[in-house]
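**Q** sequence and predicted structure, then a few things I'm wondering about:
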Amino acid sequence: MANIAVRDRAAFATTSRPRGSAREFFRQKSTVAFFFTLPLILLIAILVIYPAFYSVYLAMLSKRMDRFVGWSNFTFLFTRETFWMVVKQSCIFAITAVIFKAIIGFIVAHLVHAIPNEGQRKWRGMLLVPWVIPPALSTLAWLWLFDPSYSAFNYVIVALGGDPIPWTGHALWARFSVILVNIWIGAPFFMIMYLAALKSVPAELYEVAAIDGATWLQKLWYITLPMMRNIIAITTLFSLIVTFANFDIVRILTAGGPIDQTHVFATWAFKLGIEGGDIPLGASISLFMVPILTVAAIFILRDINKRGERI
Amino acid sequence: MATTALSSPAASGAAAAPEGAMVGGDRKWALRWAYFFLCLFAAFALMPPLYMLITGLKKSSEISAATNPWWVYHPTLGNFVELLTSRAFQIFFLNSSIVAVLVVAITMAISIPAAFALSRMKFWGSGILATGVFLTYLIPETLLFIPLFKMFATFRDWTGIELINRWYVLLLLYPTLTVPFATWIMIGYFASIPRELDEAALIDGASWTQTLTKIFVPVALPGIIAATIFAFTVAWAQFLYPLAFTTSEDQLVLSVGIATTLIRADVFNWGQIMAGALLGAAPPLIIYAFLMDYYIAGLTAGATKG
């Protein structure tokens, strides 16, 4: 006790020394905090926030970037049929994929949760593998599985007496294929999140419900879903952002084809902006992702804060 | 007590009430169905990587002969050997490794102090900054690659320093993906450390930096490992940035190198592509196999506030 008091006095003595000493300045809390966060602030400001606004400016330039043209890039896009196709396809792609990822993740999480604890680790480990492999590389495997002439799926289908399927050759099937691959990669993420949520539901709730004679559907509806509500919302919204902005899968599997039918915003922006050399047009295309991303981000933030308050 | 516990399974088998036996039977069947469907889902999950291996073990002659694609009749490691001894593939691997390791180092150097300051040193704007970090994490790279591309081109015109088509440009780009998330999960981990710990250190005369390096880093090591794994995986798997920013063969990283240089020809060299994809997937898979719990901790930490 006395010791602390002495130290305190010593500390007081040092802080009351005349300011201006550099050593003192660097020990102050605000100074230290400033230097600790400075690299983070610089990184975000220069490489995230600045380019985000810069892309709005870029989107208002002419193709050769020598003239300011206002909104005409956007109005030009509105007149193009491909643009509306991309809008539609991006929405179909993201919404369908997220719904199926959420449902499959939910079912698989319940299956893993249903088996004895000792075995869960092993199954969880196997089921998460699609999420661990770099998407660009696993999509290559899918590309080969969907190969027009050597498709391993078609081999099975033909062996069973069916007709070969044009997995990436026909617009409808190509749309199905990119969604399927996205589900394959993303469903494990939902599974892991839901499994963590399931584990946090107190077992007593189910016991009480069982005593009251609740059916499994009632247990699901009145206990599991309300308890998992927040995690379901956050995971779904987060996945919606990632899926909506997806690039790797479509780029490798179909490169937007056949005839631009599977392009999403990111791949079309890449095709026109980087490959086609029309940076302003590419920037304006990718900006169309912002509204949906903003809405999703607002909801995520709300849910996360709510979660923080409850804990 | 112990005897009853031991004898109860036998009792339930022989002389339990009929109702109890039926429930037990139901449970057993429910479990069997659970295993059945788990097997189906696991087969779906593991089929593509397995198919990578099957094809990777085949010679191109066997692939073009269109025999049963799900079986290898003449397995050979030729594709793997050929890739591992090919100069181009070695460069891809080396580039990927250097980039991933340096990105991890940069990420940690930025995130650890920042997360410490944001979770412990309340200062003006710290709450807004923490939220801002999380929002940055939600901005996808597909929104930023075009303006960044133009920025680096302008940067070259101004300073003469070429960044486009150099592997080290990725060291600037990847932290925008890794730092926000790493900082975010580390704020959570740091927040779970009891305040008494750092208060005691500060009273004993430790500086803020000492408190961070001597107390927080050792205590929050699990969180730091989770963030490290995350940063490494992201850096290893990223595809859009290297595809847009690097083109010369000696500047490519693995993900782009395999997808662009090996598929270039009309005759698809699928045995080699699949072998390459498998080799490229190996480092994250190995890390995952050994550090699964940290991996999953990092994954689930993203949606939870500490």
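**A** Yep, that arrived.
**Q** nearest to chain B: which residue in the stretch 51-200 of chain A?
**A** Nearest residue of the stretch 51-200 of chain A to chain B: residue A:134, at 3.4 Å (C-beta to the nearest C-beta). Any C-beta I mention is one placed from the backbone N, CA and C, and that applies to glycine too.
**Q** that residue - nearest residue in space that isn't next to it in sequence?
**A** Spatially, and ignoring its direct neighbours in sequence, residue A:134 is nearest to residue B:237 (3.4 Å; C-beta to C-beta, 6 or more residues apart in numbering or on different chains).
**Q** Three-state assignment for the residue nearest the centre of chain B, please.
**A** Centroid check for chain B by C-alpha atoms, centre = their mean gives residue B:233 as the closest residue, at 3.0 Å. Look at residue B:233: counting by DSSP: H, G, I helix; E, B strand; the rest coil, its state is helix.
**Q** residues contacting it?
**A** Each residue near residue B:233 by C-beta atoms under 8 Å, 6 or more residues apart in numbering or on different chains is listed here: A:132, B:284, B:287.
**Q** does the residue nearest to residue A:134 touch residue B:284 like I think?
**A** Yes - with contacts counted by C-beta atoms under 8 Å, residue B:237 reaches residue B:284, the gap being 6.9 Å.
**Q** low-confidence bits of the stretch 151-300 of chain B, can you list those?
**A** B:264-268 (pLDDT under 70).
**Q** can you give me the helices for it?
**A** Counting by DSSP state H, counting those that start in this stretch, one finds helices in the stretch 151-300 of chain B at the ranges B:169-173, B:175-191, B:195-203, B:208-210, B:217-219, B:221-237, B:240-245, B:254-261, B:270-290, B:292-301.
**Q** which one, of the ones you listed, ends up nearest to residue A:117?
**A** helix B:292-301 (14.4 Å; C-beta to C-beta).
**Q** for the closest one, packing partners?
**A** helix A:117-127, helix A:171-199, helix B:175-191, helix B:221-237 (3 or more C-beta pairs under 8 Å, 6 or more residues apart in numbering or on different chains; DSSP states H and E).
**Q** cutoff 6 Å now
**A** helix A:171-199, helix B:221-237 (3 or more C-beta pairs under 6 Å, 6 or more residues apart in numbering or on different chains; DSSP states H and E).
**Q** save the ones you listed as JSON lines, and put in distance to residue B:206 too.
**A** Formatted as JSON lines, these follow (distance: least, C-beta to C-beta, whole Å):
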{"stretch": "helix A:171-199", "distance to residue B:206": "36"}
{"stretch": "helix B:221-237", "distance to residue B:206": "19"}
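**Q** among the ones you listed, which comes closest to residue B:29?
**A** Of all the helices and strands packed on helix B:292-301, helix A:171-199 comes closest under C-beta to C-beta, at 21.2 Å.
**Q** buried sites along the closest one?
**A** By neighbour count on 16 or more other C-beta atoms under 10 Å in any protein chain shown, the buried set for helix A:171-199 is A:171, A:173-198.
**Q** contacts with chain B among the residues you listed, please.
**A** A:192, A:196 (C-beta under 6 Å from any C-beta of the partner chain).
**Q** how many other residues sit next to the residue of the stretch 51-200 of chain A closest to chain B?
**A** Neighbour count of residue A:134, defined by other C-beta atoms under 10 Å in any protein chain shown: 26.
**Q** tell me if the lengthiest helix in chain A is near chain B.
**A** What stands out as the longest helix in chain A, according to DSSP state H, is helix A:81-114. Yes - Helix A:81-114 is in contact with chain B by C-beta under 6 Å from any C-beta, via A:108, A:111, A:114.
**Q** against which helices or strands is that helix packed?
**A** helix A:117-127, helix A:171-199, helix A:225-244, helix B:18-56.
**Q** show me which residues of the stretch 1-150 of chain A sit near chain B.
**A** Residues of the stretch 1-150 of chain A lying near chain B (C-beta under 6 Å from any C-beta): A:29-30, A:32-33, A:36-37, A:39-40, A:43-44, A:47-48, A:51, A:54-55, A:58, A:108, A:111, A:114-115, A:123, A:125-127, A:129-130, A:132-134, A:136-138, A:140-142, A:144.
**Q** give the buried subset of these as a PyMOL selection command.
**A** For the buried members of the residues of the stretch 1-150 of chain A next to chain B, the matching PyMOL selection, counting by 16+ other C-beta under 10 Å, is:
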select buried, chain A and resi 32+33+36+37+39+40+43+44+47+48+51+54+55+58+108+111+114+115+123+125+126+127+129+130+132+133+134+136+137+138+140+141+142+144
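**Q** where does the stretch 1-150 of chain B have low pLDDT?
**A** Using pLDDT under 70, the stretch 1-150 of chain B drops low at B:1-25.
**Q** residue numbers of it in contact with chain A?
**A** B:34, B:37-38, B:41-42, B:45, B:48, B:51-52, B:69, B:110, B:113-114, B:117, B:121, B:123, B:136, B:138, B:140, B:142-144, B:146-148, B:150.
**Q** any of the residues you listed buried? List them.
**A** Looks like the residues of the stretch 1-150 of chain B next to chain A have B:34, B:38, B:41-42, B:45, B:48, B:51-52, B:69, B:110, B:113-114, B:117, B:121, B:123, B:136, B:138, B:140, B:142-144, B:146-148, B:150 buried, using 16+ other C-beta under 10 Å.
**Q** so what's the residue lying closest to residue B:285 once chain neighbours are set aside up against?
**A** Spatially, and ignoring its direct neighbours in sequence, residue B:285 is nearest to residue A:132 (5.8 Å; C-beta to C-beta, 6+ apart). By C-beta atoms under 6 Å, 6 or more residues apart in numbering or on different chains, the contact list for residue A:132 reads B:284-285, B:288.
**Q** just the buried ones from those residues?
**A** Buried among the contacts of residue A:132 (16+ other C-beta under 10 Å): B:284-285, B:288.
**Q** so for residue B:199, which of the helices and strands packed on helix B:292-301 sits nearest?
**A** helix B:221-237 (20.2 Å).
**Q** any idea how far that closest one is from the middle of the chain?
**A** 7 Å (C-alpha atoms, centre = their mean, to the nearest Å).
**Q** what segments of the stretch 51-200 of chain B are strands?
**A** Here the stretch 51-200 of chain B has no strands by DSSP state E, counting those that start in this stretch.
**Q** counting neighbours, what do you get for residue 224?
**A** Using chain A here. 20.
**Q** looking at chain B here, not the other one
**A** Count around residue B:224 with other C-beta under 10 Å applied: 22.
**Q** just residue B:73 next, same as before
**A** Residue B:73: 10 neighbours (other C-beta under 10 Å).
**Q** quick one, phi psi at it?
**A** Dihedral pair for residue B:73: phi -90, psi -30, per degrees, to the nearest 10.
**Q** distance to residue A:300 added to the contacts of residue B:233, as a markdown table?
**A** Shown next, in a markdown table, are these (distance: C-beta to C-beta, whole Å):
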| residue | distance to residue A:300 |
| --- | --- |
| A:132 | 24 |
| B:284 | 26 |
| B:287 | 28 |
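**Q** isn't residue A:299 right up against residue A:238?
**A** No - checked against C-beta atoms under 6 Å, the pair residue A:299 and residue A:238 is beyond contact range at 10.1 Å.
**Q** more neighbours: which of those two?
**A** Comparing residue A:299 with residue A:238 by other C-beta under 10 Å, the one with more neighbours is residue A:238, at 22 against 15.
**Q** what's the spacing between that one and residue A:218?
**A** 29 Å (C-beta to C-beta, to the nearest Å).
**Q** what of residue A:289?
**A** For residue A:289 relative to residue A:218 (C-beta to C-beta), the value is 40 Å.
**Q** between these two, which one's more packed in?
**A** Taking neighbours as other C-beta under 10 Å, residue A:289 and residue A:218 compare with residue A:289 leading, 21 against 12.
**Q** spatially nearest residue to the more buried one (excluding sequence neighbours)?
**A** Per C-beta to C-beta, 6+ apart, closest to residue A:289 is residue A:265, 5.1 Å.
**Q** burial of the one you found, as a residue count?
**A** When neighbours are counted by other C-beta under 10 Å, residue A:265 registers 27.
**Q** which one is the residue nearest the centre of chain A nearest to, not counting chain neighbours?
**A** Geometric centre of chain A, nearest residue: residue A:242, 2.6 Å, by C-alpha atoms, centre = their mean. Spatial nearest neighbour of residue A:242, excluding adjacent residues (C-beta to C-beta, 6+ apart): residue B:140 at 6.9 Å.
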